[in-house]
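K.L.:
Below is the sequence, then the predicted model.
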Amino acid sequence: MSEEPSVPAENQRCGFVAVVGAPNAGKSTLVNALVGTKVSIVSPKVQTTRFRVMGIVMAGTAQVILVDTPGIFQPRKRLERAMVAAAWNGAADAEHVCLVVDASKGYDDDSRAIVARLKEAGRQVVLVLNKIDLIKRDKLLGLTASLDAEGLFSAVFMISALSGNGVPDLLAHLEKLAAPGPWMFPEDQVSDLPQRLLAAEITREKAFLALYQELPYSLHVETESWEERDDGSARIDQVIYVERESQKPILLGKGGRQIKAIGAAARTELEELLERRVHLFIHIKVREDWSEKRGHYSEIGLDFDA
Ligand code: GDP
Ligand code: MG
(Lines give C-alpha, C1' and ligand atoms only; values in the text may rest on other atoms or scores of the structure.)
(Ligands and ions follow the chains in the order given, each with its own letter.)
Protein backbone atom coordinates (compact mmCIF):
# COMPACT_ATOMS: atom_id res chain seq x y z
CA MET A 1 0.00 0.00 0.00
CA SER A 2 2.59 2.57 1.09
CA GLU A 3 4.77 2.36 -2.01
CA GLU A 4 7.11 5.29 -2.65
CA PRO A 5 5.61 7.68 -5.22
CA SER A 6 7.62 8.10 -8.44
CA VAL A 7 8.05 11.81 -7.68
CA PRO A 8 8.98 13.01 -4.19
CA ALA A 9 6.18 14.87 -2.43
CA GLU A 10 7.99 18.21 -2.47
CA ASN A 11 8.18 18.13 -6.29
CA GLN A 12 4.61 17.06 -6.89
CA ARG A 13 2.02 19.26 -8.54
CA CYS A 14 -1.73 18.89 -8.55
CA GLY A 15 -4.52 20.50 -10.54
CA PHE A 16 -8.29 20.35 -10.26
CA VAL A 17 -10.11 20.95 -13.53
CA ALA A 18 -13.88 21.03 -13.89
CA VAL A 19 -15.18 20.01 -17.31
CA VAL A 20 -18.43 21.83 -17.99
CA GLY A 21 -20.62 22.37 -21.01
CA ALA A 22 -23.99 21.74 -22.56
CA PRO A 23 -25.39 18.21 -22.61
CA ASN A 24 -23.83 16.08 -25.36
CA ALA A 25 -20.88 18.41 -25.94
CA GLY A 26 -18.53 15.46 -25.40
CA LYS A 27 -17.39 16.13 -21.82
CA SER A 28 -17.33 12.49 -20.76
CA THR A 29 -15.67 11.42 -24.00
CA LEU A 30 -13.00 14.05 -23.36
CA VAL A 31 -12.40 13.00 -19.76
CA ASN A 32 -12.04 9.39 -20.90
CA ALA A 33 -9.65 10.42 -23.67
CA LEU A 34 -7.50 12.44 -21.27
CA VAL A 35 -7.42 9.65 -18.70
CA GLY A 36 -6.80 7.06 -21.41
CA THR A 37 -9.45 4.68 -20.15
CA LYS A 38 -13.16 4.78 -19.56
CA VAL A 39 -14.08 6.39 -16.28
CA SER A 40 -17.31 8.05 -17.33
CA ILE A 41 -20.08 6.67 -19.50
CA VAL A 42 -20.98 8.13 -22.86
CA SER A 43 -24.04 7.99 -25.04
CA PRO A 44 -25.66 10.02 -27.79
CA LYS A 45 -28.55 10.57 -25.41
CA VAL A 46 -28.36 13.77 -23.39
CA GLN A 47 -28.00 13.65 -19.64
CA THR A 48 -26.14 10.36 -19.53
CA THR A 49 -23.81 11.60 -16.81
CA ARG A 50 -25.91 12.07 -13.69
CA PHE A 51 -23.37 12.94 -11.08
CA ARG A 52 -19.87 14.22 -10.68
CA VAL A 53 -17.17 11.73 -11.73
CA MET A 54 -13.47 12.36 -11.31
CA GLY A 55 -10.94 11.17 -13.84
CA ILE A 56 -7.32 11.21 -12.73
CA VAL A 57 -4.37 11.63 -15.12
CA MET A 58 -0.66 11.60 -14.35
CA ALA A 59 1.30 13.99 -16.56
CA GLY A 60 4.96 14.59 -15.78
CA THR A 61 5.21 15.60 -12.13
CA ALA A 62 1.56 16.65 -12.10
CA GLN A 63 -1.61 14.87 -11.18
CA VAL A 64 -4.49 16.39 -13.10
CA ILE A 65 -7.86 15.68 -11.57
CA LEU A 66 -10.69 16.15 -14.05
CA VAL A 67 -14.18 16.63 -12.74
CA ASP A 68 -16.68 15.41 -15.31
CA THR A 69 -20.06 16.99 -14.65
CA PRO A 70 -23.59 16.47 -15.86
CA GLY A 71 -24.46 18.79 -18.72
CA ILE A 72 -25.69 22.23 -17.86
CA PHE A 73 -29.14 22.92 -19.24
CA GLN A 74 -32.47 24.40 -18.20
CA PRO A 75 -33.74 21.96 -15.58
CA ARG A 76 -37.43 21.21 -15.17
CA LYS A 77 -37.79 18.05 -13.12
CA ARG A 78 -36.29 17.38 -9.73
CA LEU A 79 -33.66 14.93 -11.02
CA GLU A 80 -32.63 17.48 -13.63
CA ARG A 81 -32.31 20.26 -11.05
CA ALA A 82 -30.11 18.03 -8.91
CA MET A 83 -27.92 17.20 -11.91
CA VAL A 84 -27.41 20.81 -12.90
CA ALA A 85 -26.64 21.79 -9.30
CA ALA A 86 -24.03 19.02 -9.17
CA ALA A 87 -22.46 20.42 -12.35
CA TRP A 88 -22.15 23.96 -10.99
CA ASN A 89 -20.86 22.71 -7.66
CA GLY A 90 -18.23 20.70 -9.50
CA ALA A 91 -17.14 23.88 -11.26
CA ALA A 92 -17.11 25.99 -8.09
CA ASP A 93 -14.85 23.52 -6.27
CA ALA A 94 -12.26 23.29 -9.04
CA GLU A 95 -9.27 25.58 -9.61
CA HIS A 96 -9.68 25.60 -13.36
CA VAL A 97 -12.61 25.27 -15.69
CA CYS A 98 -12.68 23.72 -19.15
CA LEU A 99 -15.71 24.70 -21.18
CA VAL A 100 -16.48 22.11 -23.84
CA VAL A 101 -18.47 23.37 -26.82
CA ASP A 102 -19.80 21.11 -29.56
CA ALA A 103 -18.35 22.95 -32.55
CA SER A 104 -20.84 21.33 -34.92
CA LYS A 105 -23.67 23.05 -33.04
CA GLY A 106 -22.06 26.48 -33.07
CA TYR A 107 -22.37 29.02 -30.28
CA ASP A 108 -25.90 28.14 -29.24
CA ASP A 109 -28.13 29.34 -26.39
CA ASP A 110 -26.98 26.58 -24.04
CA SER A 111 -23.34 27.58 -24.39
CA ARG A 112 -24.19 31.30 -24.19
CA ALA A 113 -25.97 30.80 -20.87
CA ILE A 114 -22.99 28.93 -19.46
CA VAL A 115 -20.55 31.57 -20.69
CA ALA A 116 -22.64 34.31 -19.03
CA ARG A 117 -22.60 32.50 -15.72
CA LEU A 118 -18.87 31.76 -15.87
CA LYS A 119 -18.25 35.45 -16.57
CA GLU A 120 -20.27 36.39 -13.50
CA ALA A 121 -18.18 34.03 -11.44
CA GLY A 122 -15.03 35.74 -12.75
CA ARG A 123 -13.43 32.45 -13.75
CA GLN A 124 -10.45 31.88 -16.01
CA VAL A 125 -11.65 29.37 -18.53
CA VAL A 126 -9.98 27.08 -21.04
CA LEU A 127 -12.16 26.78 -24.13
CA VAL A 128 -12.32 23.39 -25.79
CA LEU A 129 -13.97 23.30 -29.19
CA ASN A 130 -14.86 19.66 -29.64
CA LYS A 131 -16.07 17.51 -32.55
CA ILE A 132 -13.93 19.36 -35.07
CA ASP A 133 -14.08 16.18 -37.14
CA LEU A 134 -17.65 17.21 -37.98
CA ILE A 135 -17.12 20.72 -39.32
CA LYS A 136 -15.24 22.67 -41.96
CA ARG A 137 -12.22 24.70 -41.04
CA ASP A 138 -13.62 28.12 -42.01
CA LYS A 139 -16.72 27.55 -39.91
CA LEU A 140 -14.50 26.59 -37.01
CA LEU A 141 -12.52 29.80 -37.29
CA GLY A 142 -15.70 31.91 -37.30
CA LEU A 143 -16.95 30.11 -34.21
CA THR A 144 -13.62 30.58 -32.45
CA ALA A 145 -13.72 34.31 -33.18
CA SER A 146 -17.22 34.80 -31.77
CA LEU A 147 -16.39 32.85 -28.60
CA ASP A 148 -13.06 34.60 -28.19
CA ALA A 149 -14.85 37.95 -28.32
CA GLU A 150 -16.37 37.11 -24.94
CA GLY A 151 -12.98 37.82 -23.37
CA LEU A 152 -13.42 34.90 -21.01
CA PHE A 153 -10.89 32.40 -22.28
CA SER A 154 -7.26 32.05 -21.27
CA ALA A 155 -6.59 29.45 -23.96
CA VAL A 156 -8.42 27.80 -26.82
CA PHE A 157 -8.05 24.22 -28.07
CA MET A 158 -9.67 22.59 -31.06
CA ILE A 159 -10.02 18.89 -30.64
CA SER A 160 -11.86 15.72 -31.45
CA ALA A 161 -12.34 13.87 -28.19
CA LEU A 162 -13.57 10.91 -30.21
CA SER A 163 -10.49 10.51 -32.40
CA GLY A 164 -8.05 11.93 -29.85
CA ASN A 165 -6.98 14.67 -32.23
CA GLY A 166 -5.64 17.62 -30.20
CA VAL A 167 -6.10 15.90 -26.86
CA PRO A 168 -2.36 15.61 -26.01
CA ASP A 169 -1.91 19.39 -26.49
CA LEU A 170 -4.79 20.07 -24.14
CA LEU A 171 -3.35 17.69 -21.57
CA ALA A 172 0.03 19.41 -21.80
CA HIS A 173 -1.68 22.73 -21.08
CA LEU A 174 -3.62 21.35 -18.11
CA GLU A 175 -0.39 19.91 -16.79
CA LYS A 176 1.21 23.35 -16.89
CA LEU A 177 -1.72 24.83 -14.96
CA ALA A 178 -1.19 22.42 -12.06
CA ALA A 179 0.22 24.20 -9.01
CA PRO A 180 2.86 22.80 -6.64
CA GLY A 181 1.20 20.57 -4.09
CA PRO A 182 0.91 16.91 -3.15
CA TRP A 183 -1.05 14.46 -5.27
CA MET A 184 -4.55 13.75 -3.98
CA PHE A 185 -4.79 10.15 -5.20
CA PRO A 186 -2.43 7.19 -5.58
CA GLU A 187 -0.77 7.53 -8.98
CA ASP A 188 -2.29 4.34 -10.41
CA GLN A 189 -5.84 5.40 -9.60
CA VAL A 190 -7.88 6.62 -12.59
CA SER A 191 -11.22 7.45 -11.01
CA ASP A 192 -12.88 8.24 -7.72
CA LEU A 193 -15.84 6.01 -8.52
CA PRO A 194 -16.11 2.83 -6.51
CA GLN A 195 -16.04 -0.22 -8.79
CA ARG A 196 -19.60 -1.23 -7.92
CA LEU A 197 -20.88 2.14 -9.03
CA LEU A 198 -18.82 2.11 -12.22
CA ALA A 199 -20.13 -1.38 -13.01
CA ALA A 200 -23.69 -0.11 -12.55
CA GLU A 201 -22.92 2.86 -14.77
CA ILE A 202 -21.65 0.59 -17.53
CA THR A 203 -24.88 -1.39 -17.53
CA ARG A 204 -26.85 1.84 -17.55
CA GLU A 205 -24.88 2.98 -20.58
CA LYS A 206 -25.64 -0.24 -22.46
CA ALA A 207 -29.33 0.02 -21.58
CA PHE A 208 -29.40 3.65 -22.78
CA LEU A 209 -27.72 2.71 -26.03
CA ALA A 210 -30.05 -0.26 -26.63
CA LEU A 211 -33.28 1.47 -25.70
CA TYR A 212 -32.45 4.77 -27.28
CA GLN A 213 -35.98 6.03 -27.96
CA GLU A 214 -38.18 3.80 -25.89
CA LEU A 215 -37.43 4.36 -22.24
CA PRO A 216 -37.24 7.54 -20.24
CA TYR A 217 -33.95 8.22 -18.58
CA SER A 218 -35.44 7.53 -15.18
CA LEU A 219 -34.03 4.03 -15.53
CA HIS A 220 -31.61 3.27 -12.72
CA VAL A 221 -29.05 0.50 -12.12
CA GLU A 222 -27.62 -0.75 -8.84
CA THR A 223 -24.94 -3.33 -8.15
CA GLU A 224 -26.40 -5.51 -5.41
CA SER A 225 -23.54 -7.91 -4.83
CA TRP A 226 -20.01 -8.51 -6.00
CA GLU A 227 -18.31 -11.79 -5.34
CA GLU A 228 -14.65 -12.46 -6.13
CA ARG A 229 -14.39 -16.15 -6.99
CA ASP A 230 -11.49 -18.50 -6.31
CA ASP A 231 -10.99 -19.08 -10.05
CA GLY A 232 -10.20 -15.36 -10.50
CA SER A 233 -13.56 -14.43 -11.99
CA ALA A 234 -16.16 -12.12 -10.48
CA ARG A 235 -19.87 -12.67 -10.04
CA ILE A 236 -21.78 -9.43 -10.20
CA ASP A 237 -25.51 -9.13 -9.52
CA GLN A 238 -27.29 -6.00 -10.60
CA VAL A 239 -30.83 -4.68 -10.59
CA ILE A 240 -32.22 -2.42 -13.26
CA TYR A 241 -35.02 -0.37 -11.79
CA VAL A 242 -37.78 0.96 -13.96
CA GLU A 243 -40.52 3.26 -12.76
CA ARG A 244 -43.53 1.42 -14.19
CA GLU A 245 -44.60 -2.19 -14.64
CA SER A 246 -45.32 -1.34 -18.29
CA GLN A 247 -41.62 -0.57 -18.89
CA LYS A 248 -40.50 -4.08 -17.99
CA PRO A 249 -41.41 -5.73 -21.32
CA ILE A 250 -39.54 -2.99 -23.22
CA LEU A 251 -36.41 -3.75 -21.27
CA LEU A 252 -36.87 -7.51 -21.61
CA GLY A 253 -37.55 -7.46 -25.32
CA LYS A 254 -38.99 -10.35 -27.28
CA GLY A 255 -38.11 -13.60 -25.52
CA GLY A 256 -35.77 -11.64 -23.23
CA ARG A 257 -33.50 -10.75 -26.15
CA GLN A 258 -33.10 -7.08 -25.31
CA ILE A 259 -31.94 -7.60 -21.74
CA LYS A 260 -29.65 -10.41 -22.86
CA ALA A 261 -27.97 -8.12 -25.37
CA ILE A 262 -27.60 -5.37 -22.76
CA GLY A 263 -26.10 -7.86 -20.31
CA ALA A 264 -23.70 -9.27 -22.89
CA ALA A 265 -22.45 -5.80 -23.87
CA ALA A 266 -22.00 -4.79 -20.23
CA ARG A 267 -20.20 -8.02 -19.42
CA THR A 268 -17.78 -7.66 -22.33
CA GLU A 269 -16.84 -4.17 -21.22
CA LEU A 270 -16.53 -5.13 -17.56
CA GLU A 271 -14.23 -7.99 -18.49
CA GLU A 272 -12.00 -5.61 -20.42
CA LEU A 273 -11.96 -3.09 -17.62
CA LEU A 274 -11.42 -5.58 -14.79
CA GLU A 275 -9.16 -7.83 -16.86
CA ARG A 276 -10.87 -10.98 -15.73
CA ARG A 277 -13.92 -13.12 -16.44
CA VAL A 278 -17.21 -11.73 -15.24
CA HIS A 279 -20.49 -13.49 -14.58
CA LEU A 280 -23.11 -10.79 -14.75
CA PHE A 281 -26.67 -11.34 -13.56
CA ILE A 282 -29.20 -8.63 -14.20
CA HIS A 283 -32.59 -8.50 -12.55
CA ILE A 284 -35.37 -6.08 -13.38
CA LYS A 285 -37.50 -4.49 -10.70
CA VAL A 286 -40.14 -1.82 -10.60
CA ARG A 287 -39.63 1.02 -8.17
CA GLU A 288 -42.26 3.63 -8.67
CA ASP A 289 -41.29 7.27 -8.84
CA TRP A 290 -37.61 6.59 -8.32
CA SER A 291 -36.77 10.14 -9.26
CA GLU A 292 -39.05 11.58 -6.56
CA LYS A 293 -37.47 9.70 -3.64
CA ARG A 294 -34.98 11.47 -1.42
CA GLY A 295 -32.88 8.44 -0.43
CA HIS A 296 -31.79 7.68 -3.98
CA TYR A 297 -30.26 11.11 -4.41
CA SER A 298 -27.83 10.98 -1.53
CA GLU A 299 -26.78 7.47 -2.64
CA ILE A 300 -25.31 8.94 -5.81
CA GLY A 301 -24.19 12.24 -4.33
CA LEU A 302 -26.99 14.44 -5.65
CA ASP A 303 -28.94 17.02 -3.69
CA PHE A 304 -32.66 16.19 -3.56
CA ASP A 305 -33.56 19.79 -2.76
CA ALA A 306 -31.47 21.46 -5.47
P1 GDP B 1 -21.45 14.75 -22.59
O2 GDP B 1 -22.95 14.73 -22.42
O3 GDP B 1 -20.96 16.16 -22.78
O4 GDP B 1 -20.71 14.01 -21.53
O5 GDP B 1 -21.18 14.03 -24.00
P6 GDP B 1 -20.67 12.53 -24.28
O7 GDP B 1 -19.21 12.43 -23.99
O8 GDP B 1 -21.59 11.56 -23.60
O9 GDP B 1 -20.82 12.50 -25.87
C10 GDP B 1 -22.05 12.75 -26.50
C11 GDP B 1 -22.01 12.19 -27.91
O12 GDP B 1 -21.06 12.91 -28.71
C13 GDP B 1 -21.57 10.72 -27.97
O14 GDP B 1 -22.32 10.08 -28.96
C15 GDP B 1 -20.10 10.82 -28.37
O16 GDP B 1 -19.64 9.68 -29.05
C17 GDP B 1 -20.13 12.03 -29.29
N18 GDP B 1 -18.81 12.70 -29.37
C19 GDP B 1 -18.02 13.11 -28.35
N20 GDP B 1 -16.88 13.69 -28.81
C21 GDP B 1 -16.95 13.64 -30.15
C22 GDP B 1 -16.06 14.10 -31.22
O23 GDP B 1 -14.98 14.63 -31.02
N24 GDP B 1 -16.51 13.89 -32.50
C25 GDP B 1 -17.70 13.30 -32.77
N26 GDP B 1 -18.04 13.14 -34.06
N27 GDP B 1 -18.55 12.86 -31.80
C28 GDP B 1 -18.18 13.03 -30.51
MG1 MG C 1 -21.35 13.12 -19.82
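P.N.:
Sure, I can see it. Ligands and ions are numbered 1, 2, ... in the order given.
K.L.:
and the nearest residue to residue 224 once chain neighbours are set aside, how many neighbours?
P.N.:
Counting by C-beta to C-beta, 6 or more residues apart in numbering, residue 224 lies nearest to residue 237, which is 4.8 Å off, once chain neighbours are set aside. For the C-beta atoms, the positions are set from N, CA and C on the backbone; glycine is no exception. When neighbours are defined as other C-beta atoms under 10 Å, residue 237 has 15 of them.
K.L.:
Am I right that residue 237 is in contact with residue 283?
P.N.:
Yes - Residue 237 is within contact range of residue 283, at 7.2 Å (criterion: C-beta atoms under 8 Å).
K.L.:
so what pLDDT did residue 215 get?
P.N.:
You'll see residue 215 listed with a pLDDT of 67.
K.L.:
Oh, that last question was meant for residue 82, not what I typed.
P.N.:
Looking at residue 82 specifically, the model assigns a pLDDT of 76.
K.L.:
so who does it touch?
P.N.:
Remark: with contacts taken as C-beta atoms under 8 Å, 6 or more residues apart in numbering, residue 82 is in contact with 297, 302, 303, 304, 306.
K.L.:
again with residue 55
P.N.:
31, 32, 34, 35, 39, 40, 65, 66, 68, 190, 191.
K.L.:
Closest one of the residues you listed to residue 11?
P.N.:
Checking the contacts of residue 55 against residue 11 with C-beta to C-beta, the nearest one is residue 65 at 17.7 Å.
K.L.:
hmm, back to that, which single one of the contacts of residue 82 is nearest to ligand 2?
P.N.:
residue 302 (14.6 Å; C-beta to the ion).
K.L.:
any idea how far residue 193 is from the closest one?
P.N.:
According to C-beta to C-beta, to the nearest Å, residue 302 and residue 193 sit 14 Å apart.
K.L.:
where exactly do the helices run in the stretch 151-300 of the chain?
P.N.:
When secondary structure is read from DSSP state H, counting those that start in this stretch, the stretch 151-300 of the chain shows helices at 167-177, 195-210, 248-252, 257-274, 294-299.
K.L.:
Which residues lie in contact with the residue of the stretch 51-200 of the chain found nearest ligand 2 in this structure?
P.N.:
At 6.1 Å from ligand 2, residue 68 is the closest residue in the stretch 51-200 of the chain, using C-beta to the ion. Each residue near residue 68 by C-beta under 8 Å, 6+ apart is listed here: 19, 27, 28, 31, 39, 40, 49, 52, 53, 54, 55.
K.L.:
And for residue 289, the neighbour number?
P.N.:
For residue 289, the number of neighbouring residues by other C-beta under 10 Å comes to 10.
K.L.:
returning to that earlier point: just checking, which of the contacts of residue 55 belong to helices?
P.N.:
With DSSP state H as the criterion, helices contain 31, 32, 34, 35 from among these.
K.L.:
from the residues you listed, which is closest to residue 204?
P.N.:
Top of the list for closeness to residue 204, among the ones in helices among the contacts of residue 55 and by C-beta to C-beta, is residue 32 at 15.6 Å.
K.L.:
what's the nearest residue to the closest one if we skip its chain neighbours?
P.N.:
residue 38 (5.0 Å).
K.L.:
how far away is the one you found from residue 228?
P.N.:
Between residue 38 and residue 228 the computed distance is 21 Å (C-beta to C-beta).
K.L.:
Neighbour count: these two, which is higher?
P.N.:
residue 38 (22 against 10).
K.L.:
Was I right to think that one contacts residue 273?
P.N.:
Yes - proximity of residue 38 to residue 273 meets the contact threshold set by C-beta under 8 Å, at 6.9 Å.
K.L.:
in the worst-scoring helix or strand of the chain on mean pLDDT, what counts as buried?
P.N.:
Least confident helix or strand of the chain, by mean pLDDT, DSSP states H and E, is helix 294-299 with a mean of 70. For helix 294-299, the buried set under the neighbour-count rule, 16 or more other C-beta atoms under 10 Å, comprises 296, 297.
K.L.:
cool, stretch 184-196 as well?
P.N.:
Buried residues in stretch 184-196, defined by neighbour count with 16+ other C-beta under 10 Å: 190, 191, 192, 193.
K.L.:
so where's the stretch 201-306 of the chain uncertain?
P.N.:
When residues are selected by pLDDT under 70, those of the stretch 201-306 of the chain lie in 213-217, 299-301.
K.L.:
before we move on, the earlier item: now which of the contacts of residue 55 would you call buried?
P.N.:
Buried positions within those, assessed by neighbour count (16+ other C-beta under 10 Å), are 31, 32, 34, 35, 39, 40, 65, 66, 68, 190, 191.
K.L.:
which of these has the weakest pLDDT?
P.N.:
Lowest pLDDT within the buried ones among the contacts of residue 55 is found at residue 40 (76).
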